[in-house]
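Trainee: here is a sequence together with a model predicted from it:
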Amino acid sequence: MIASIIYIVLVVGGLLYLIKKKRDTEAKFTLKIIGYYILGVFAFKFNGIALPLGFIIYLLFFLPKVNADIKRQAAIFGLIIFILVQWITPFTVYMWESRTITIEHELESAYTTDFAEENELITKELKLEESNVKLDNFSMDYTQSGKITDLSWEMLGEEDNEYIYYRIQYFTDKKKYEISKSHHETWSQFLFLVDTKYYFEKLDLLDIQDITIAKGKFSSYKLFSFGERSQYGFAENEPHVISNGEIKKLSEKQLPVDAYYISTYALKKMSEETDEQGNIVQEDWEGTEFTDYLFDITPIEEEEDF
């Protein structure tokens, strides 16, 4: 609103200034000045890039003789407004919206963190309505003691016929969240993604400490989810269902199903390479002791053979 008012004042003020500079008598001079301004500000978009077509036409085909300098100034004024509106303003808005947002915050243990509260912290900072935000990916690495070593998730919102993508990354050494943002015209899987608030409510029902103890002693553990509703049939991953606040094991006979799911597993070191000084330069890890937790399941009926 304020930007629109400033724009109107700038254009009207500039045109009035040029009109008052008239030197030679000329019929319909005011309309001609406005016309030269419109010519200068006229834009043609090619592949999404605004080009000053009007000013180019002025340079090629308009050679005024009466009040020529004022008309040239009107066209140049239009070009300046074109540059301001079509190039500088969009670039400034893009840089502002693409800036990294930082939230100073200290996380607790993976065993005691309330992830719904963490999500609420993020959505409030971004001024988002939790009910309109989808979760794309969630990932957390942690040690047997519960210390979080890596935490990130991705969210999608829909606004003004475009999709806004947010990537949230927690830096344990700096004790802060960093959030990046980008805009996209399409996102084909948007309708299949779980609501962010709903996902974290389900995640908080898991007793991560008990899940970790059951896997045995390993140097690292991982909790991961794509956030997308999909067909699930991995009986070997010890699937459980989260329903009505309870967690129950699924039998192989109950599979396959359509569901959202959260995967938990331990990371087992398979090999490592060191340099001449004995410093580790590469490590290979493999997931083991998988346990998956499903919610909002829908049975898939097997098709009969004819």
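Mentor: Yep, that arrived. Numbers count the residues shown, from 1 in each chain.
Trainee: quick check: buried residues in stretch 220-237?
Mentor: Within stretch 220-237, the residues that qualify as buried by neighbour count (16 or more other CB atoms under 10 Å) are 221-229, 232, 237. Heads up, the C-betas are built off the backbone N, CA and C, glycines and all.
Trainee: nearest to His105 among these?
Mentor: The closest of these to His105 turns out to be Leu223 (CB to CB; 19.2 Å).
Trainee: please name every helix or strand in contact with the helix or strand where that closest one lies.
Mentor: Element membership of Leu223, judged by DSSP states H and E, is strand 220-225. Contacts defined by 3 or more CB pairs under 8 Å, 6 or more residues apart in numbering; DSSP states H and E place strand 220-225 against strand 133-142, helix 208-215, strand 257-274.
Trainee: any idea which of these scores lowest on pLDDT?
Mentor: Lowest mean pLDDT of these: strand 257-274, a mean of 89.
Trainee: what angle do whatever helix or strand comes next after that one and helix 208-215 make?
Mentor: Per DSSP H and E, strand 257-274 leads on to strand 280-299 as the next helix or strand towards the C-terminus. Counting by axes from the mean of the first three to the mean of the last three CA atoms, to 10 degrees, strand 280-299 lies at 110 degrees to helix 208-215.
Trainee: pull the distance from stretch 4-11 to the chain's centre.
Mentor: 32 Å (CA atoms, centre = their mean, to the nearest Å).
Trainee: give me the mean pLDDT for that stretch.
Mentor: Mean predicted confidence for stretch 4-11 is 87.
Trainee: the spatially most central residue of the chain: which element?
Mentor: Per CA atoms, centre = their mean, the C-alpha nearest to the average position across the chain is that of Tyr165, at 1.6 Å. In the assignment (DSSP H and E), Tyr165 maps to strand 162-171.
Trainee: residues near Phe82, how many?
Mentor: Neighbours of Phe82 under the rule other CB atoms under 10 Å: 21.
Trainee: assign a three-state SS to it, would you?
Mentor: On the three-state scheme (DSSP: H, G, I helix; E, B strand; the rest coil), Phe82 is labelled helix.
Trainee: the longest helix along the chain - contacts with which helices or strands?
Mentor: Using DSSP state H, we find that the single longest helix of the chain is helix 2-20. Counting contacts by 3+ CB pairs under 8 Å, 6+ apart, helix 2-20 is packed against helix 29-41, helix 68-82.
Trainee: so which of the helices and strands packed on strand 220-225 is the most packed in?
Mentor: Of all those, strand 133-142 has the most neighbours on average by mean count of other CB atoms under 10 Å, namely a mean of 21.
Trainee: how far off strand 257-274 does it point, in degrees?
Mentor: Angle between the axes of strand 133-142 and strand 257-274 is 40 degrees (criterion: the same axes, to 10 degrees).
Trainee: after strand 133-142 comes which helix or strand?
Mentor: Following strand 133-142 in sequence, per DSSP H and E, is strand 148-159.
Trainee: so where's this protein uncertain?
Mentor: Low-confidence segments of the chain, defined by pLDDT under 70: 1, 130-131, 302-306.
Trainee: per-domain residue ranges of it.
Mentor: Annotated domains of the chain cover 2-97, 108-299 [automatic domain parsing].
Trainee: tell me how far the last one lies from the chain's centre.
Mentor: This means domain 108-299. On CA atoms, centre = their mean, the centre of domain 108-299 falls 17 Å from that of its chain.
Trainee: end to end on it, go ahead and measure it.
Mentor: 37 Å (CA to CA, to the nearest Å).
Trainee: and if you look at the shortest one?
Mentor: Terminal residues of domain 2-97 lie 18 Å apart, using CA to CA.
Trainee: one step back: for Phe190, see how far away the residue nearest to the centre of the chain is.
Mentor: 10 Å (CB to CB, to the nearest Å).
Trainee: list residues touching both of these two?
Mentor: In terms of CB atoms under 8 Å, 6 or more residues apart in numbering, Tyr165 and Phe190 are both contacted by the residues Leu156.
Trainee: burial count for the residue lying closest to Phe234 once chain neighbours are set aside?
Mentor: Closest residue in space to Phe234, ignoring its immediate chain neighbours: Asp292 at 6.6 Å, by CB to CB, 6 or more residues apart in numbering. Residues lying near Asp292 (other CB under 10 Å) number 21.
Trainee: nice, that's everything, thank you.
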